[in-house]
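Engineer: just the structure for this:
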Amino acid sequence: MTATDLRTWLLSGLNETAQHHDGPHGQPGEKPHAWWKVMCLTGLDYFSTLGYQPGIAALAAGVLSPIATLVLVMVTLLGALPVYRRVAVDSPNGEGSIAMLVKLLSFWKGKLFVLVLLGFAATDFIITITLSAADATAHVEENPYWPFKGHVVIVTLVLVALLGAVFLKGFTEAIGIAVGLVGVYLALNVVVVVDGWWRVITHPHLVGDWTSALTTSHGNPAMVIGIALLVFPKLALGLSGFETGVAVMPHIKGDLPARIKGAKQLLTTAAGIMSVFLISSSVVATVLIPQQAFEPGGPANGRALAYLAHENLGGVFGTVYDISTILILWFAGASAMAGLLNLVPRYLPRFGMAPSWARAVRPMVLVFTGTALLITIIFRANVDAQGGAYATGVLVLITSAATAVTLSCRRRRQRGRMIAFGIVSLIFVYTTIANVAERPDGVKIAACFIAAILVVSFLSRLRRAFELRVTTIDADKVAQGFLRECGRRQIRLVANEPDQRDAREYSDKIAQILADNDMADDRDVIFVEVTVQDASDFETDLHVRGEVMHHRYRVLSVVGSSVPSALAALLLWIRDTTHKRPHVYFEWTEGSPVANFARYLIFGQGEVAPVTREMIRQAEPDRSRRPHVHVG
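Structural biologist: Reported below is the predicted structural model:
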């Protein structure tokens with residue numbers, strides 16, 4: 001394969017001018033699916049936490065594990081679920097809660113906030129890949145029939161690399177595979193949990209031992225509840241999957257209302273199933289498994305239900321359960337990878353903060369897979385060590401979603417819902433802060449991701465400073481009439497920064513342009529005025545509006561994110577639609593060139609003339625076809 005062939009393969013499906021990115025499965029012809037099938041795709045992440053959640057809960061809360069898990073379930077059903085049902089309504093195309101904040105927060109503060117959230121999202125999804133692969137390896141290592149003991153890191157690296165290879169190949173059958181894996185895995189968990197409950201019911205002394213231990217160590221019921229609330233942040237892994245649940249919405253069959261309804265059914269059903277499994281598995285794990293088995297290095301550490309499957313149902317069933325768990329944990333990384341490929345290309349290239357190739361799936365798969373391999377090596381494939389980082393990413397995303405929903409309700413004057421979602425937001429804020437205080441490694445990892453995103457974003461914005469930022473252009477009938485009329489002779493555009501927009505402003509401007517450029521008359525002159533609405537945006541659509549000012553002066557009005565980009569794109573569009581090379585006239589801007597360039601980067605203005613000319617030069621390599629740029 002030649003370098004050209006490799007580049008073509010890597011950038012397959014890249015659309016250089018697309019403002020919107022539909023994720024890794026958004027290619028034309030992609031078949032939509034029933035909501036319950038799509039639920040299995042997001043369930044790869046959500047349901048697979050049963051592989052390690054009961055063990056982590058028992059290790060964190062001890063005999064209080066069932067009560068702490070009950071708190072988790074209540075927060076899930078009364079907090080996270082209502083929040084994301086609202087996100088599904090306000091962001092039905094798979095953008096997630098971050099898109100809601102983009103709409104609510106504009107300009108650079110909004111962009112910077114989104115970059116920080118993307119850092120936490122990257123933490124969540126990357127650690128999902130590495131944590132799930134590490135836990136799959138733990139199940140491999142603990143299986144009595146596995147012959148290659150002691151190679152945890154190597155096995156985990158192989159699993160992560162295989163996941164990346166699947167995405168490089170195409171990953172077209174993801175949902176079909178997910179349905180099979182989730183169906184088998186949940187069925188096997190039903191067997192393990194039902195058997196566990198039967199043993200609990202038929203051996204009352206086990207329950208007595210547990211309640212005795214509970215009352216001995218925590219005699220005060222109020223103290224029990226208080227400790228359960230304090231321990232709850234450590235169990236936040238059980239909240240994963242909600243952000244992925246809204247990210248996969250475009251794959252639900254039906255029109256927009258049907259997709260929203262299906263997403264709500266998906267979220268509610270998944271939360272209901274998971275809540276039942278979380279409580280029941282926590283009870284049987286706490287009652288049936290000795291506490292020392294949950295300690296690091298213990299046989300139930302990170303694999304409580306697998307331990308019960310082997311102990312109570314035999315080695316053959318336990319091995320079948322291990323295989324199912326290994327597969328769903330490994331494939332849970334697919335759900336996280338899909339989330340990354342859905343989120344990052346939606347925002348960074350559109351903000352001008354990533355190379356345009358970041359919209360292509362395969363290069364981003366290589367970037368994310370390489371990052372996951374590095375994280376695996378750093379953490380030595382340790383499940384417990386990665387739990388804090390995972391929980392931090394999950395909680396920050398849910399907190400941001402709850403905040404976005406609260407702000408949305410406030411904007412719509414829905415006072416009752418605003419108060420309710422505000423309380424939910426405060427709960428998640430507390431949970432996030434408590435988790436960070438207890439396990440600061442999550443914030444450290446997120447900070448590394450955030451720093452990397454900010455540095456790459458800043459450098460990319462500088463590198464792409466002279467790219468055209470316009471995706472589509474359209475003009476109203478008045479503007480088209482101006483161009484047709486002047487196109488019979490010569491199209492002369494005068495760039496004007498609108499001020500009072502009175503007759504004197506336009507007459508003085510024409511007099512200056514005529515004098516500076518030694519023009520004979522102004523009969524073909526059309527003023528062009530660009531208003532910068534949000535300079536932090538990188539890509540915009542241009543809507544050209546024509547108007548006649550003071551019965552004489554023809555003006556084209558445009559709203560964009562950058563004056564030079566709007567003018568350069570407009571000139572090239574006029575050339576292509578009228579088949580004439582238009583002229584544009586500027587006056588030099590006073591001040592330092594460095595300061596003017598900084599104004600252009602931050603505010604979309606500054607030294608307009610040379611930047612406009614450079615954008616035209618980069619967009620049109622043929623000098624004979626470039627519009628004329630005059631500066632006086």
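Engineer: quick one, what contacts K477?
Structural biologist: Contact analysis of K477 by C-beta atoms under 8 Å, 6 or more residues apart in numbering lists G546. Using the backbone N, CA and C atoms, a C-beta is placed for each residue, glycine as well.
Engineer: now it: how far from R545?
Structural biologist: Distance, K477 to R545, using C-beta to C-beta, to the nearest Å: 10 Å.
Engineer: ditto for R7
Structural biologist: In terms of C-beta to C-beta, R7 sits 41 Å off from R545.
Engineer: now do L556
Structural biologist: On the measure of C-beta to C-beta, L556 and R545 end up 7 Å apart.
Engineer: try L571
Structural biologist: As defined by C-beta to C-beta, L571 lies at a distance of 17 Å from R545.
Engineer: check contacts around W573.
Structural biologist: Counted by C-beta under 8 Å, 6+ apart, W573 has contacts 473, 542.
Engineer: what strand or helix carries it?
Structural biologist: helix 563-578 (DSSP states H and E).
Engineer: what's the answer for A465, then?
Structural biologist: Using DSSP H and E, no helix or strand contains A465.
Engineer: got the phi and psi for it?
Structural biologist: Per-residue torsions, A465: phi -60, psi -30 (degrees, to the nearest 10).
Engineer: could you check the pLDDT of the residue lying closest to R613 once chain neighbours are set aside?
Structural biologist: Nearest non-adjacent residue to R613, counting by C-beta to C-beta, 6 or more residues apart in numbering: V629, 4.5 Å away. pLDDT, V629: 90.
Engineer: likewise for D576?
Structural biologist: 90.
Engineer: and what of M615?
Structural biologist: 87.
Engineer: what about the nearest residue to it once chain neighbours are set aside, distance to G110?
Structural biologist: Closest residue to M615 apart from its sequence neighbours, by C-beta to C-beta, 6+ apart: A568 at 3.9 Å. As for A568, its distance to G110 is 25 Å (criterion: C-beta to C-beta).
Engineer: for S561, same thing?
Structural biologist: For S561 relative to G110 (C-beta to C-beta), the value is 13 Å.
Engineer: now do V179
Structural biologist: The gap separating V179 from G110 is 38 Å, by C-beta to C-beta.
Engineer: over to W357?
Structural biologist: Counting by C-beta to C-beta, the gap from W357 to G110 is 25 Å.
Engineer: what do you get for I433?
Structural biologist: For I433, the distance to G110 - C-beta to C-beta - is 23 Å.
Engineer: the more surrounded of the two?
Structural biologist: G110 (18 against 13; other C-beta atoms under 10 Å).
Engineer: for that one, give its distance to K103.
Structural biologist: 9 Å.
Engineer: need the contact list for the closest residue to V179 other than its chain neighbours.
Structural biologist: Nearest residue to V179 in three dimensions, chain neighbours excluded: C40, at 4.6 Å (C-beta to C-beta, 6+ apart). Neighbour list for C40: 175, 178-179, 181-183 [criterion: C-beta under 8 Å, 6+ apart].
Engineer: which ones among those map onto helices?
Structural biologist: 175, 178-179, 181-183 (DSSP state H).
Engineer: just the buried ones from those residues?
Structural biologist: 175, 178-179, 181-182 (16 or more other C-beta atoms under 10 Å).
Engineer: now do the SS call for V544.
Structural biologist: strand (DSSP: H, G, I helix; E, B strand; the rest coil).
Engineer: can you list the low-confidence ranges for the stretch 51-200 of the chain?
Structural biologist: Residues of the stretch 51-200 of the chain that meet the criterion pLDDT under 70 lie in 105-106, 170-174.
Engineer: which parts of it are helices?
Structural biologist: Applying DSSP state H, counting those that start in this stretch to the stretch 51-200 of the chain gives helices spanning 53-61, 65-75, 81-90, 97-104, 107-142, 152-169, 174-202.
Engineer: same check on the stretch 451-600 of the chain?
Structural biologist: 477-487, 503-517, 563-578, 593-603.
Engineer: list residues touching both of S561 and G110?
Structural biologist: S536.
Engineer: who does H33 form a beta bridge with?
Structural biologist: Listed by DSSP bridges, the beta-bridge partners for H33 are I252.
Engineer: dump the residue contacts of it.
Structural biologist: Shown in contact with H33 (C-beta under 8 Å, 6+ apart): 175, 251-253.
Engineer: buried subset of those residues?
Structural biologist: Here, 16+ other C-beta under 10 Å leaves 175, 251-252 buried among the contacts of H33.
Engineer: quick one: these as a markdown table, columns for distance to Q53 too.
Structural biologist: A markdown table is the format used below for these (distance: C-beta to C-beta, whole Å):
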| residue | distance to Q53 |
| --- | --- |
| I175 | 24 |
| H251 | 26 |
| I252 | 27 |
